[in-house]
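Colleague: dropping the sequence and predicted coords here.
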Amino acid sequence: MQITHERVGDSIVVHIQDEMGHHEARRILDYLENIVVLYPVEPVVLDLSGLTFMDSSGLAVAMNLHRALARTGRSLVIRGTPPQAMRVFRAAGLPHRMTFVDEKGEKQC
């Protein structure tokens, strides 16, 4: 699992590559908590286009980040979600609560 971030325009884009399962979730959550603190006003884009696998732990990652950003009035966009991970998000009903876009920025759900 690889996680990096960069500033793109006025947003912070966090890239998660490879797997986001139970074993990786704690490290990802810690990283995202630091992003929320280090960038206190910027919206966040969670780029999952490099993801090869995600289990239900990915739901916790997305929901925790969404809540942390909402507390400070910021938005979260989840971009480039692969089909397998999108099925997990859809099964949990997250597309009704969060914004999912494809790599071109068009609504994914």
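Modeller: Received the coordinates, thanks.

Colleague: Three-state assignment for residue 41, please.
Modeller: coil (DSSP: H, G, I helix; E, B strand; the rest coil).

Colleague: touching, it and residue 74? I think so.
Modeller: Yes. In this structure, residue 41 is within contact of residue 74 by C-beta atoms under 8 Å, at 7.1 Å. The C-beta positions use only the backbone N, C-alpha and C, and glycine is treated the same way.

Colleague: the more surrounded of the two?
Modeller: residue 74 (18 against 8; other C-beta atoms under 10 Å).

Colleague: residues contacting the more buried one?
Modeller: 41-44 (C-beta atoms under 8 Å, 6 or more residues apart in numbering).

Colleague: which of those residues has the most neighbours?
Modeller: Busiest of the contacts of residue 74 [other C-beta under 10 Å] is residue 44, holding 22 neighbours.

Colleague: do you know how far that residue is from residue 70?
Modeller: According to C-beta to C-beta, to the nearest Å, residue 44 and residue 70 sit 11 Å apart.

Colleague: anything in contact with each of these two?
Modeller: With C-beta under 8 Å, 6+ apart as the test, residue 44 and residue 70 both reach residue 76.

Colleague: now the helices for the protein?
Modeller: Remark: helices assigned in the chain by DSSP state H are 22-38, 57-71, 83-91.

Colleague: contacts for the shortest one next, please.
Modeller: So the one you mean is helix 83-91. Contacts for helix 83-91 (C-beta under 8 Å, 6+ apart): 20, 48, 51, 53-56, 58-59, 62, 78, 81, 95, 100, 108-109.

Colleague: so what's residue 106 scoring on pLDDT?
Modeller: Note on residue 106: pLDDT of 85.

Colleague: centroid residue for this protein?
Modeller: residue 46 (3.4 Å; C-alpha atoms, centre = their mean).
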